[in-house]
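In: everything below, folded, please.
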Amino acid sequence: MSEGLKHTRNVAIILAIAAAVDFVPGGGRVAGTVEAALWTAFGLAIGFVGLRLYREQHITLYSLGDRHRGLLYGAVALGFFLWAVRKRMWYALVLQRGQVERLEEVHRWGGFGEVLWFALAGLAVYALVAVYRHARAY
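Out: Next up is the predicted model:
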């Protein structure tokens with residue numbers, strides 16, 4: 001099979017799946033379920049990679065000492081927290097009444113959410129840099 005024919009076949013498969021999601025009753029619900037399953041698999045894969053890295057580097061982690069190891073774990077946890085709450089800290093959805101009801105994104109807390117988010121992100125980066133500098137010091 002030639003390369004051009006393979007690409008055409010792959011595009012046709014993608015279009016058939018998209019048509020099924022759009023036109024088949026309940027296709028959107030199935031697509032949502034598949035998306036949730038893919039995100040779950042992605043999260044498990046990230047967790048597995050983290051576990052492997054921990055097992056391979058546990059001696060290095062313990063050689064950091066309690067203070068810097070705590071900084072490292074705290075910075076990673078803060079990074080995950082910031083990733084999870086980024087939309088809630090940046091925007092709020094407000095229902096406006098008028099001719100047509102619509103949802104509009106407005107800045108939450110007058111922009112304080114963004115400032116707080118970036119301050120916490122800077123704190124996490126600072127902690128990671130401090131751990132890196134400590135690990136590289138002799």
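
In: any idea how far Ala84 is from Tyr54?
Out: Using C-beta to C-beta, to the nearest Å, Tyr54 is found at 21 Å from Ala84. No exception for glycine: its C-beta is placed from N, CA and C like everyone else's.

In: repeat that for Tyr138.
Out: Tyr138 sits 37 Å away from Ala84, going by C-beta to C-beta.

In: what about those two, which has more around it?
Out: Set Tyr138 next to Ala84 and count neighbours by other C-beta atoms under 10 Å: Ala84 wins out with 9 against 2.

In: wait, is that one part of a helix?
Out: Yes - assessed by DSSP: H, G, I helix; E, B strand; the rest coil, Ala84 belongs to a helix.

In: is it correct that Arg67 falls within a helix?
Out: Yes - judged by three-state DSSP, Arg67 forms part of a helix.

In: could you check how far Leu120 is from Val11?
Out: Using C-beta to C-beta, one gets 43 Å for the distance from Leu120 to Val11.

In: kindly report the same for Thr60.
Out: Taken as C-beta to C-beta, the span from Thr60 to Val11 is 47 Å.

In: burial count for Val30?
Out: Number of residues near Val30 (other C-beta under 10 Å) recorded here: 12.

In: just Val131 next, same as before
Out: Neighbours of Val131 under the rule other C-beta under 10 Å: 21.

In: great, nothing more from me.
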